[in-house]
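give me coordinates for this.
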Amino acid sequence: MTAYQLDIANSPAQTAFTPAWTSTKVLSNAIVADRVSMEFRSGTEKFQVLKEIDLAVQSGDMQLLMGPSGSGKTTLLSILAGMLTPTEGSVHLLGQEITRLSRSQLARFRRDHIGFIFQGFNLFPALTALENIEVALNVKGIRKSAAKHQAQTLLEEVGLADKANQLPKDLSGGQKQRVAIARALAGNPQLIMADEPTASLDSKSGHTVIELLRQLAKDRDRTVLIVTHDPRIIDVADRVVYLEDGRITEPQSSLETYSCHR
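Down below sits the predicted model:
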């Protein structure tokens, strides 16, 4: 399948004036949020969930976004993944300003460039481990024998070649999350985004699957952003950023403070 590619040079987002510092940051990072704010309304009331978020994730890094429940982590991840549109600010992924894309363009961008991992695994219960990955490949335009071959290869990479024909109900929590990792890597997306991927796992299983994700992502030179409140996996990350009450608690220039120097 030929990957869908946006013509950045001719995109309307490129015709507007962009400050030099923003251009430099966009070009040197896989994920950039620039003054992102998010407001929800309920009747006449307004709730400010995110407040002028500046965030950058370097290409090839595994970065954790941590914070307590209600801090806005999942909302921010949804915006960075193009599932929500911020009230203010912009998001660039792989150099493309996704906040200016149409719905159809955004859907294609997500399909071709982003792999998702969820807290509850989100596997189809009636499909085998192999079939769950094949479905993701089918969506990306990879079908039949090519999809089966790639799905089998991905299961081998996550150490589950012998579980290819097992249903999710017959797998442990750690094994289900390994299938979810393999599915996220289907089609070789450049970005992997995960929402609380270890929340349903015990300490040992959680650490093992995140180590595996890191290894596979590094081997493929992929960028990984993980939203979590799990301190047990901090040592696996390249960088850790903290979110509290809708704000990054340290300025972007201080991110080296949280670098794990892997």
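
what is the mean pLDDT for stretch 245-261?
The average pLDDT within stretch 245-261 is 58.

please apply the same query to stretch 30-44.
Mean pLDDT, stretch 30-44: 94.

quick check: longest helix of this structure.
Ranked by residue count and defined by DSSP state H, the top helix of the chain is helix 203-219.

who are the neighbours in contact with the spatially most central residue of the chain?
For the chain, the residue nearest the mean C-alpha position is residue 193 (1.1 Å; CA atoms, centre = their mean). With contact taken as CB atoms under 8 Å, 6 or more residues apart in numbering, residue 193 is in contact with 77, 80-81, 114-117, 224-226. (Each C-beta comes from the backbone N, C-alpha and C, glycine too.)

redo that, cut-off 10 Å
Neighbouring residues of residue 193 by CB atoms under 10 Å, 6 or more residues apart in numbering: 31, 57, 65, 77-78, 80-83, 93, 110, 114-118, 184, 223-227.

ok, of the residues you listed, which come out buried?
Among the contacts of residue 193, those classed as buried by 16 or more other CB atoms under 10 Å are 31, 57, 65, 77-78, 80-82, 93, 110, 114-118, 184, 223-227.

what distance do you get for residue 112 to residue 187?
According to CB to CB, to the nearest Å, residue 112 and residue 187 sit 7 Å apart.

residue 119 touches residue 227, doesn't it?
Yes: with contact defined as CB atoms under 10 Å, residue 119 counts as touching residue 227 (9.3 Å).

so what sits against both of the two?
Counting by CB under 10 Å, 6+ apart, the shared contacts of residue 119 and residue 227 are 74, 194-197.

in strands, which of those appear?
Under the assignment DSSP state E, these contribute 194-195 to strands.

and the nearest residue to residue 163 once chain neighbours are set aside, how many neighbours?
Computed as CB to CB, 6 or more residues apart in numbering, the closest residue to residue 163 that is not its neighbour in sequence is residue 129, at 5.3 Å. When neighbours are defined as other CB atoms under 10 Å, residue 129 has 29 of them.

check residue 215 too.
By other CB under 10 Å, the residues close to residue 215 number 12.

same check, this time on residue 141
By the criterion of other CB under 10 Å, residue 141 has 15 neighbours.

helix, strand, or coil at it?
Secondary structure for residue 141, judged by DSSP: H, G, I helix; E, B strand; the rest coil, is coil.

so it sits against residue 187, correct?
Yes: the criterion here is CB under 10 Å, and residue 141 meets it with residue 187 at 8.3 Å.

what sits closest to residue 213 if chain neighbours are left out?
In space, and not counting its chain neighbours, residue 213 is closest to residue 181: 5.3 Å by CB to CB, 6+ apart.

isn't that neighbour up against residue 210?
Yes: between residue 181 and residue 210 there is a contact under CB under 10 Å: 9.4 Å.

strands of the stretch 151-262 of the chain, start to end?
191-195, 223-228, 239-244, 247-248 (DSSP state E, counting those that start in this stretch).

starting at the chain centroid, how far to the last one?
On the basis of CA atoms, centre = their mean, to the nearest Å, the separation between the geometric centre of strand 247-248 and that of its chain is 19 Å.

now do the third one
Between the centre of strand 239-244 and the centre of its chain there are 15 Å (CA atoms, centre = their mean).

put the alpha carbons of that strand into PDB.
Provided in PDB are the C-alpha atoms of strand 239-244 (Å, rounded to 0.1, in the frame of the first residue of the first chain):
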ATOM      1  CA  ARG A 239      11.600  11.800  29.000                       C
ATOM      2  CA  VAL A 240       8.800  12.400  31.400                       C
ATOM      3  CA  VAL A 241       6.500  15.500  31.400                       C
ATOM      4  CA  TYR A 242       4.000  16.300  34.200                       C
ATOM      5  CA  LEU A 243       0.500  17.700  33.800                       C
ATOM      6  CA  GLU A 244      -1.500  19.000  36.600                       C
END
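
now it and strand 223-228, what's the angle there?
Inter-element angle recorded for strand 239-244 and strand 223-228: 40 degrees (by axes from the mean of the first three to the mean of the last three CA atoms, to 10 degrees).

strand 239-244 packs against which elements?
strand 45-58, strand 62-66, helix 73-80, strand 223-228 (3 or more CB pairs under 10 Å, 6 or more residues apart in numbering; DSSP states H and E).
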